[in-house]
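Trainee: A structural model of the following input is requested.
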Amino acid sequence: MTRDRTVLERLNAVRLIVVVMISIGYASTMAVGPHAKEWLHTFGYDPSWFGIQVLFFLSGWLAWRSLTQGRTGLSFLVSRAKRTLPWVALYTLVVVAVLYPALCNHDAPVVKGTGQLGLYFIKTVLLIDPGGPMPGALDNALYACLLQGTIWTLRWGMVAYFGLLILFTIGLRNRAWLAALFVITLLGHLSVSWWTLKTGSTLFEPIIPGLRVGYAFLLGALLYGARNRLPSRGRSWLAITSVTFGLAAFHYYFLPWTHLIEVIATIGFCALAMTVLQSGFKPLGNWPNITLPAYLGIWPVTQTLLALNPNITVPTLVVASLSVTIAIALILRGVADLLSRPVHRRVQPA
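Mentor: Next up is the predicted model:
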């Protein structure tokens with residue numbers, strides 16, 4: 001339990017740092033287009049992808065921790081929904097009620113009406129089709145009609161949580177089953193990605209993102225299950241990080257390109273996250289939990305700033321979008337914490 005507490009004290013800080021990495025990647029291409037390389041491009045991959053996989057890795061770690069500590073399936077899902085859906089609803093409401101009307105060109109060929117906006121809200125909040133295109137707004141933007149471009153990952157998160165819960169419920173709870181499922185998912189990603197690249201087919205493209213985040217999620221669950229056999233010091237994890245990044249660099253620079261580069265580098269970034277979590281660096285302890293509001297806010301904030309100032313430079317856009325996003329997230333977290341306190345603690349006697 002002491003080791004868990006050490007990790008949990010720094011979890012908010014690590015997740016926020018990862019979200020900042022994702023945000024820098026996204027914001028750095030908003031003004032130049034989706035085919036541009038993101039800032040911090042590493043081993044041929046954008047940092048936003050590595051960041052998303054690290055978030056799924058940490059989610060898998062936390063999910064398996066919750067399940068193995070006696071939480072029921074219903075309480076597990078309710079807790080996840082209570083932490084996620086209110087924030088999704090709040091940000092989506094702002095997009096639907098404020099940003100879309102403000103950014104919409106009402107003379108555009110296709111414009112969403114009130115009913116369609118309501119349907120968009122429902123489908124996004126329930127993660128049926130989160131963050132779909134919104135024609136009429138930003139039709140000429142490089143990321144046209146997208147006001148919530150990050151939110152698609154939440155649906156894969158829901159799939160991962162349900163899948164892990166089913167695995168746990170039917171009794172497949174030991175590390176061997178987790179390891180087998182991790183290997184199957186990883187090999188599925190490598191084989192499907194290789195086949196897609198070789199043939200040019202788009203048949204399996206919709207499931208590739210799920211496989212990519214899936215093996216990271218299962219890796220997190222697997223490592224929590226094996227935590228008593230793993231290093232408990234940051235230095236040991238730093239050594240693992242160095243070795244994996246070294247292998248990824250060797251593969252990238254000296255061997256023919258394969259998707260193994262992504263896998264090795266992803267493991268390296270996950271090990272780096274564990275390095276920080278297991279460190280004794282006190283300034284990273286007990287940060288406010290603004291990971292989700294910051295993650296949900298970076299895309300609409302960046303798109304709005306770019307729409308207001310189309311000639312903004314990329315460095316200025318990155319700094320401004322990060323600053324505004326973090327500021328909004330901190331304000332909203334403060335309000336949420338205030339509202340969650342008991343009334344008798346919020347209202348002092350005269």
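Trainee: center of this protein, which residue is that?
Mentor: Closest to where the C-alpha atoms of the chain average out (Cα atoms, centre = their mean) is Ile52, at 4.1 Å.
Trainee: residue boundaries of the helices in the stretch 51-200 of the chain?
Mentor: For the stretch 51-200 of the chain, the helices defined by DSSP state H, counting those that start in this stretch occupy 73-94, 100-103, 114-125, 153-169, 175-199.
Trainee: in this protein, which helix is the longest?
Mentor: Longest helix in the chain, counting residues (DSSP state H): helix 2-30.
Trainee: any stretches of this protein with poor pLDDT?
Mentor: Low-confidence segments of the chain (pLDDT under 70): 1-3, 343-350.
Trainee: residues in contact with Thr169?
Mentor: If a contact means Cβ atoms under 8 Å, 6 or more residues apart in numbering, then Thr169 has Gly73 as its contacts. C-beta: built from backbone N, CA, C; applies to glycine.
Trainee: please tell me how far it sits from Gln303.
Mentor: To Gln303, Thr169 is 40 Å away according to Cβ to Cβ, to the nearest Å.
Trainee: Gly297: how many residues sit nearby?
Mentor: Residues near Gly297, counting by other Cβ atoms under 10 Å, number 26.
Trainee: I'd say it and Leu330 touch.
Mentor: No: using Cβ atoms under 8 Å, Gly297 makes no contact with Leu330, being 10.8 Å away.
Trainee: how about the nearest residue to the residue nearest to the centre of the chain, chain neighbours excluded?
Mentor: Thr153 (5.7 Å; Cβ to Cβ, 6 or more residues apart in numbering).
Trainee: Gly225 contacts Leu172, correct?
Mentor: No: using Cβ under 8 Å, Gly225 makes no contact with Leu172, being 11.5 Å away.
Trainee: who's in contact with the helix or strand containing Tyr253?
Mentor: Using DSSP states H and E, Tyr253 sits in helix 234-254. Residues from elsewhere that reach helix 234-254 (Cβ under 8 Å, 6+ apart): 43-44, 231, 258, 260-261, 264-265, 267-268, 271-272, 274-276, 278-280.
Trainee: now with 7 Å?
Mentor: Here helix 234-254 makes contact (Cβ atoms under 7 Å, 6 or more residues apart in numbering) with 43-44, 231, 260-261, 264-265, 267-268, 271-272, 274-275, 278-279.
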